[in-house]
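> here is a sequence with its predicted model. Questions after.
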Amino acid sequence: MAQDRLTRRELLAALGGSGVTTLAGCSGILTDYRRLQWSFEINSPIVSSPTVVDGTVFIGSGMDDPHIYALDTQTGEQEWAYEIGSIYPSLGIYSSPTVVDATVFVGSEDGSVYALDAQTGEQEWVFGTGRMVSATPTVTDGNVFVGNQAGTVYALDTQAGEARWTFDIEGRIVSSATVVNGTLFVGSTSGLHALDAGTGEQEWDFKIGEGVGSSPTRVGDTVFVGSEDDNVYALDAGEGTEQWRFETDNWVRSSTTVV
């Protein structure tokens, strides 16, 4: 019986191996494994994940092309591009865009958080933190929650871009925060921290020697998170006490999914 699928070698040959950076899941979409729908060339490696909302792909680029791009999901045509005014332009954007209420929120390695109009790409506001912002912003209840690599957690007003509160924790922050039932859970290179989402006051912190690079997941009364010390942890969401841990053979940087 004839095969209906291309082999891996045939697929790579069909794509051409031109070295052009493509968007995972978007720029290399294949229909029946045979037809490239579109591709869009970006003059830089891509580290952040694309965000797709209302027929538009939002993606940040890094290295020598620090832009936020908005692309049509059907055609791949550029709708707009916003150049990040980076002090260190070669560092680009590691944060993935978060789109809420027609506004794109994204962190940059220039130490700033940007809010852009999702339709036009025009800047609504920019907030400087002074250190790299690699984490993806979490937006809920009129707040943008994000941490930087100095270990400062920010709650920013979505409309004005002003800080409602800040809290300094030990270690660098590279993962996005999770907000459930008024508590913000955020990982750093020192462990996992729980803060009151309204005031920024610390509720508890759980020290992990090698730190946390993944984003926590809360289900019920338990917070699950992977860590750099080769373990997956289950912690009591209210007290921060350990319920159990599972040891793996290496660090866990991916975020947990609980079903």
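Thanks, I have it. Numbers count the residues shown, from 1 in each chain.

> and residue 187, how far from residue 208?
8 Å (C-beta to C-beta, to the nearest Å). Heads up, the C-betas are built off the backbone N, CA and C, glycines and all.

> brain fart, residue 81
For residue 81, the distance to residue 208 - C-beta to C-beta - is 39 Å.

> which parts of the strand or helix carrying residue 166 are buried?
Taking DSSP states H and E as the criterion, residue 166 maps to strand 163-168. Within strand 163-168, the residues scored as buried using 16 or more other C-beta atoms under 10 Å are 164-165, 167.

> could these be laid out in JSON lines, adding distance to residue 157?
Output for the buried residues of strand 163-168, formatted as JSON lines (distance: C-beta to C-beta, whole Å):
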{"residue": "164", "distance to residue 157": "6"}
{"residue": "165", "distance to residue 157": "11"}
{"residue": "167", "distance to residue 157": "16"}
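
> circling back: got the contact list for the strand holding residue 166?
127, 143, 150-157, 195, 199-202 (C-beta atoms under 8 Å, 6 or more residues apart in numbering).

> now do that strand: distance to the chain's middle.
20 Å (C-alpha atoms, centre = their mean, to the nearest Å).

> who does the following helix or strand past that strand touch, helix- and strand-wise?
Downstream of strand 163-168, the first helix or strand assigned by DSSP H and E is strand 178-180. Where contact means 3 or more C-beta pairs under 8 Å, 6 or more residues apart in numbering; DSSP states H and E, strand 178-180 is packed against strand 138-140, strand 183-188, strand 217-219.

> picking up where we left off before, between residue 81 and residue 208, which is the more surrounded one?
Ranked by neighbour count (other C-beta atoms under 10 Å), residue 81 and residue 208 place residue 208 first, with 21 against 14.

> what sits against the more buried one?
190-192, 227-229, 231, 233.

> okay if I get those as CSV plus neighbour count?
CSV is the format used below for the contacts of residue 208 (neighbours: other C-beta atoms under 10 Å):
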residue, neighbour count
190, 20
191, 22
192, 24
227, 24
228, 18
229, 17
231, 19
233, 24
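
> residue 248: which of the residues you listed is nearest?
The closest of the contacts of residue 208 to residue 248 turns out to be residue 231 (C-beta to C-beta; 6.8 Å).

> contacts only, for the closest one.
208, 245-248, 252.

> can you name the residues bridging to it?
Beta bridges link residue 231 to residue 247 when assigned by DSSP bridges.

> do the same with residue 219
In beta-bridge terms (that is, DSSP bridges), residue 219 pairs with residue 222.

> wait, isn't residue 225 in contact with residue 237?
No. Here residue 225 lies out of contact with residue 237, judged by C-beta atoms under 8 Å, at a distance of 11.2 Å.

> what do those two both touch?
With C-beta under 8 Å, 6+ apart as the test, residue 225 and residue 237 both reach residue 185.

> show me which of these two is the more surrounded one.
Between residue 225 and residue 237, residue 225 has the larger neighbour count (other C-beta under 10 Å), namely 27 against 23.

> tell me the contacts of the closest residue in space to residue 54 that isn't next to it in sequence?
With C-beta to C-beta, 6 or more residues apart in numbering as the criterion, residue 54 has its nearest non-adjacent residue at 7.8 Å, and that residue is residue 118. Residues near residue 118 by C-beta under 8 Å, 6+ apart: 53-54, 56, 58, 70, 99, 102-104.

> residue 187: how many residues sit nearby?
Look at residue 187: counted by other C-beta under 10 Å, it has 31 neighbours.

> can you tell me the closest non-neighbouring residue to it?
Once flanking residues are discounted, residue 187 sits nearest to residue 212: 2.9 Å by C-beta to C-beta, 6+ apart.
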